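**Q** what follows is a predicted structure for the sequence shown.
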Amino acid sequence: MRLMLKFTIPVERGNEAATDGTIAKAIEELVAEVKAEAAYFMLLDGERAGLVFFEETDQARLPLINERLFASLDAQIEIMPALNLDDLKRGLSG
């Protein structure tokens, strides 16, 4: 199933992580770990944020995926299913 992981990083922790290199390492490891289809980074409500799209068949891996961002960046994380147009058409035809 294709998932979208949205994360935000509190400003103070993000500033520390940008200075000590933690932020780049954590994000690079996340993108590699999930073999991301796409990853986008932005500001959201004044905090560093990102959207990472990836396929996952084993929901038991989600704690492992989340933990890196929780532990190293104090990130707030949301994960939800994400449909492309073909998925949506298939779902609506049923």
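**A** Happy to help now that I have it. Note that the structure is a prediction, hence the values are computed from the model and not measured. Residues are numbered from 1 along each chain as shown.

**Q** okay, CA-based contacts and neighbour counts for the rest of this
**A** OK.

**Q** and the average pLDDT for stretch 24-39 is what?
**A** For stretch 24-39, mean pLDDT is 96.

**Q** tell me where the chain has helices.
**A** All helices of the chain, identified by DSSP state H, fall at 11-20, 22-34, 62-73, 85-92.

**Q** among those helices, which comes closest to F54?
**A** If you check each of those against F54 by CA to CA, helix 22-34 wins as the nearest, at 6.1 Å.

**Q** would you mark the buried spots in that closest one?
**A** If you call a residue buried by 16 or more other CA atoms under 10 Å, then helix 22-34 has these buried ones: 22-23, 26-27, 30-31, 34.

**Q** can you check stretch 72-89 too?
**A** Quick answer for stretch 72-89 (16+ other CA under 10 Å): 73-75, 77.

**Q** and L62, how far is that from A26?
**A** 16 Å (CA to CA, to the nearest Å).

**Q** with L3 instead?
**A** L3 is 19 Å from A26, by CA to CA.

**Q** low-scoring stretches of this structure, by residue?
**A** Along the chain, no part satisfies pLDDT under 70.

**Q** one more pass at 80, please.
**A** Low-confidence segments of the chain (pLDDT under 80): 94.

**Q** show me what contacts the nearest residue to L44 once chain neighbours are set aside?
**A** Of all residues not flanking L44 in the chain, T8 sits nearest, at 7.3 Å (CA to CA, 6 or more residues apart in numbering). Taking CA atoms under 8 Å, 6 or more residues apart in numbering, we find T8 in contact with 44, 47-50, 75-77.

**Q** mind putting those in a markdown table, distance to G14 included?
**A** Output for the contacts of T8, formatted as a markdown table (distance: CA to CA, whole Å):
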| residue | distance to G14 |
| --- | --- |
| L44 | 13 |
| E47 | 8 |
| R48 | 7 |
| A49 | 10 |
| G50 | 13 |
| A75 | 9 |
| Q76 | 12 |
| I77 | 14 |
